[in-house]
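Peer 1: Generate a structure from the sequence data that follows.
(chains A and B)
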Amino acid sequence: MSEFLQFLVAGLKNGSIYALIALGFTIVYAATGAINFAQGEFFMLGGMLCVSFTDLGMPLPVAAVAAIAATAAIGAAFELLAVRPIAGDSPLRIIMVTIGGAVVLRQLALHFFGPDERALAPFTEGASLKAFGVAVELQTLWIWGLTALAVVALALLYRKTAFGRAMRATAIRRDAARLVGINAGMMVTVAFALAAGLGALAGVAVAPLTQTAFGVGAAIGVKGFAAAILGGIGNPITAVAGGLLLGLLESFAAGYFDPAYKDGVALVVLLVVLFVAPQGLLAKAGRVKV
Amino acid sequence: MTLLQVRNVTRRFGGLTAVDDVSFDVYEGTVKALIGPNGAGKSTLFNALTGFDRPDEGSVVFEGEELVGRKPREVVRVGLARTFQNTQLFEEMTAGENVMVGSQARQRRGFTTAMLRLPNAVAEDREAREDASRLLRLIGIEEWIDVPAADLPAGIRRLVEIARALATRPRLLLLDEPAAGLNATETRELVQTLFRVRDSGITVVIVEHDMGLVMEVSDEIVVLDRGAKIAEGPPRMIQKDPAVIAAYLGGEVDDDV
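Peer 2: Have a look, this model is predicted:
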């Protein structure tokens, strides 16, 4: 029983991270109809920038917020300077630009941060919590809390504010959005900034547990993409569910079978979903769309 | 008082002149109809007036401001709102949310403000919803406020689109074939709505094929044929105009008339 619970905790921990990445995919997909393959690099930038800012002497909370804000700004700049001029609003071209952009961001990170793995201090020092024979690291609680906060804030933004409603309107029907005076182009920029910010949040939150390096983006990008596809891309609620589910699948596969299987799970999920139910396994939950 | 001045507007597509040197005025507080057989250039002219298309020649002046060369969203902010021939609602949103998008697009609050004000979001949302329900009540469809747009009957969809356009607080409302696809009852409701809109002080320009509706609601009519204006005047004059009768009956008879 305690073994099961331990796997559950580990799965929900990684799943939360995947959920944040999957949300990033979803937000950009809803706004543009394209997959942003640079999403994993925003995760990497969040962690690496946070480490660099603490090296500069910033206290951790300040460094974390600054890293997320800086990554969001990089996301906006990426859309304005690369995606929009090169790709316009053609989803296929946007995909190509994001693939190229991912390589550029990774190489820039190598150039500026160097090739070494870096570690970030845990947000709260202290021993793991123990209950029912399960140990939960304090950082895991931070990950859950921050993920929950991000999801609630995002839901409020999209459901209850004029700005979020304008973003949804643009995603649903760009022409009609312009008709009521919405700046549709800006909504796409903000979508990239939001997605980058969420990726960075995940990168910052998980860095104390896993360490980080310039090359961590690609693998997490695949996981987050698999989670978004599992949930049915374009739907934020099922994207989060997809992330958690993927985390659990990985954790139980690694725990009950062989740890070597862990990283293969996402790829298997990706392939199975794309073959069996390309619209996503969880996407029937209604007409919620970002 | 002249609210909108259209002067010598011309739009060509390759060898075809879709709108040919058209001029007319729209006076404040009136309903003006644009009619003409299919392909007469009515929708092209609408697009040119609202920034969705740029005329090759001519000018469109709204309260002293030139509109040619402006983007659709800038045209909306100046005070012109329009609807499309095929209703374009935000399908996954409720009728109320559709209207809220319209009323809030003017606020021009940025993303950062939205995030900072997130704790107040629920209260502000309630206010926005009350605004939307007031507008839907004016049009008489308040009971549909929480129904997703995709599930609304055609007549209600059309009225929601008009409500959304009104929510942007226009001085001039342009309606592109609002009665298309509506049954007799729904058309009656539309006519009542149009009168209410006019009486609330909003000027209306309407493109419409339903001649009964046009003759009933409009103060003045502009008739286009093959891109050019062939007649302009009050409904009773237009009905007797030989050029208009020839345009409608001379060639093939228009299916929609």
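Peer 1: chain center to the longest helix anywhere in chain B: distance?
Peer 2: If each helix of chain B is counted by residues according to DSSP state H, the longest one is helix B:121-139. Taking C-alpha atoms, centre = their mean, to the nearest Å, one finds the center of helix B:121-139 at 23 Å from the center of the full chain.
Peer 1: Quick one: mean pLDDT for that helix?
Peer 2: Computed over helix B:121-139, the mean pLDDT rounds to 84.
Peer 1: Give the rounded mean pLDDT of the helix or strand following it.
Peer 2: Using DSSP states H and E, the helix or strand that directly follows helix B:121-139 along the chain is helix B:154-167. Confidence for helix B:154-167, expressed as mean pLDDT, is 90.
Peer 1: As PDB, could you dump the C-alpha coordinates of the longest helix of chain B?
Peer 2: Listed in PDB are the C-alpha atoms of helix B:121-139, where the atom choice follows Å, rounded to 0.1, in the frame of the first residue of the first chain:
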ATOM      1  CA  ALA B 121     -12.300  39.200 -11.600                       C
ATOM      2  CA  VAL B 122     -15.400  37.600 -10.200                       C
ATOM      3  CA  ALA B 123     -16.900  40.900  -9.100                       C
ATOM      4  CA  GLU B 124     -16.100  42.700 -12.400                       C
ATOM      5  CA  ASP B 125     -17.400  39.700 -14.300                       C
ATOM      6  CA  ARG B 126     -20.700  40.100 -12.600                       C
ATOM      7  CA  GLU B 127     -21.000  43.700 -13.600                       C
ATOM      8  CA  ALA B 128     -20.100  42.800 -17.200                       C
ATOM      9  CA  ARG B 129     -22.800  40.200 -17.200                       C
ATOM     10  CA  GLU B 130     -25.400  42.700 -15.900                       C
ATOM     11  CA  ASP B 131     -24.500  45.000 -18.800                       C
ATOM     12  CA  ALA B 132     -24.900  42.100 -21.300                       C
ATOM     13  CA  SER B 133     -28.200  41.100 -19.800                       C
ATOM     14  CA  ARG B 134     -29.500  44.700 -20.100                       C
ATOM     15  CA  LEU B 135     -28.600  44.700 -23.800                       C
ATOM     16  CA  LEU B 136     -30.200  41.300 -24.400                       C
ATOM     17  CA  ARG B 137     -33.300  42.600 -22.600                       C
ATOM     18  CA  LEU B 138     -33.500  45.600 -24.900                       C
ATOM     19  CA  ILE B 139     -33.500  43.200 -27.900                       C
END
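Peer 1: Give me the contact list for that helix.
Peer 2: With contact meaning C-beta atoms under 8 Å, 6 or more residues apart in numbering or on different chains, helix B:121-139 is reached by A:156-157, A:159-162, B:95-97, B:99-100, B:103-104, B:117, B:142, B:144-145, B:159-160, B:162-163, B:166-167, B:193, B:196, B:200. C-beta here means a position set from N, CA and C on the backbone, and glycine is covered the same way.
Peer 1: ok but A:Gly46 is inside a helix, no?
Peer 2: Yes. According to DSSP: H, G, I helix; E, B strand; the rest coil, A:Gly46 belongs to a helix.
Peer 1: excluding its backbone neighbours, what's nearest it?
Peer 2: Computed as C-beta to C-beta, 6 or more residues apart in numbering or on different chains, the closest residue to A:Gly46 that is not its neighbour in sequence is A:Ala200, at 2.7 Å.
Peer 1: Report pLDDT for that neighbour.
Peer 2: Model confidence at A:Ala200, given as pLDDT, is 94.
Peer 1: Does it touch A:Ala66 like I think?
Peer 2: No. Taking C-beta atoms under 8 Å as the contact criterion, A:Ala200 and A:Ala66 are not neighbours in contact, 10.2 Å apart.
Peer 1: between those two, who's got more neighbours?
Peer 2: Regarding A:Ala200 and A:Ala66, a neighbour count based on other C-beta atoms under 10 Å in any protein chain shown identifies A:Ala200 as having more, with 30 against 17.
Peer 1: On the three-state scheme, the more buried one is what?
Peer 2: Secondary structure for A:Ala200, judged by three-state DSSP, is helix.
Peer 1: Only the buried subset of the contacts of helix B:121-139, as a PyMOL command please.
Peer 2: In PyMOL, selecting the buried portion of the contacts of helix B:121-139, with burial taken from 16 or more other C-beta atoms under 10 Å in any protein chain shown, looks like this:
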select buried, (chain A and resi 156+157+160+161+162) or (chain B and resi 95+96+97+99+100+103+104+142+144+145+159+160+162+163+166+167+193)
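Peer 1: where exactly do the helices run in chain B?
Peer 2: B:42-49, B:72-78, B:95-104, B:111-116, B:121-139, B:154-167, B:184-199, B:211-217, B:235-240, B:242-249.
Peer 1: Which of the ones you listed has the highest mean neighbour count?
Peer 2: Per-stretch averages of neighbours, counted by mean count of other C-beta atoms under 10 Å in any protein chain shown, single out helix B:95-104 among the helices of chain B, with a mean of 27.
Peer 1: could you check the angle helix B:121-139 makes with that one?
Peer 2: If you take axes from the mean of the first three to the mean of the last three C-alpha atoms, to 10 degrees, helix B:95-104 sits at 100 degrees to helix B:121-139.
Peer 1: do helix B:95-104 and chain A meet?
Peer 2: Yes. Looking at helix B:95-104 against chain A by C-beta under 8 Å from any C-beta of the partner chain, the contacts come from B:Glu97, B:Met100, B:Val101, B:Gly102, B:Gln104.
Peer 1: Where in the chain is the helix or strand with the lowest mean pLDDT?
Peer 2: I'll assume chain A. Scoring the helices and strands of chain A by mean pLDDT, DSSP states H and E places strand A:129-131 at the bottom, with a mean of 80.
Peer 1: Correction: the question concerned chain B.
Peer 2: When the helices and strands of chain B are compared on mean pLDDT, DSSP H and E, helix B:111-116 comes out lowest with a mean of 75.
Peer 1: Give me the helices and strands touching that helix, please.
Peer 2: Helices and strands touching helix B:111-116, by 3 or more C-beta pairs under 8 Å, 6 or more residues apart in numbering or on different chains; DSSP states H and E, are helix A:138-160, helix A:162-172.
Peer 1: Tabulate those (a markdown table), appending distance to B:Ala121.
Peer 2: Supplementary listing: the helices and strands packed on helix B:111-116 in a markdown table, determined by distance: least, C-beta to C-beta, whole Å:
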| stretch | distance to B:Ala121 |
| --- | --- |
| helix A:138-160 | 4 |
| helix A:162-172 | 8 |
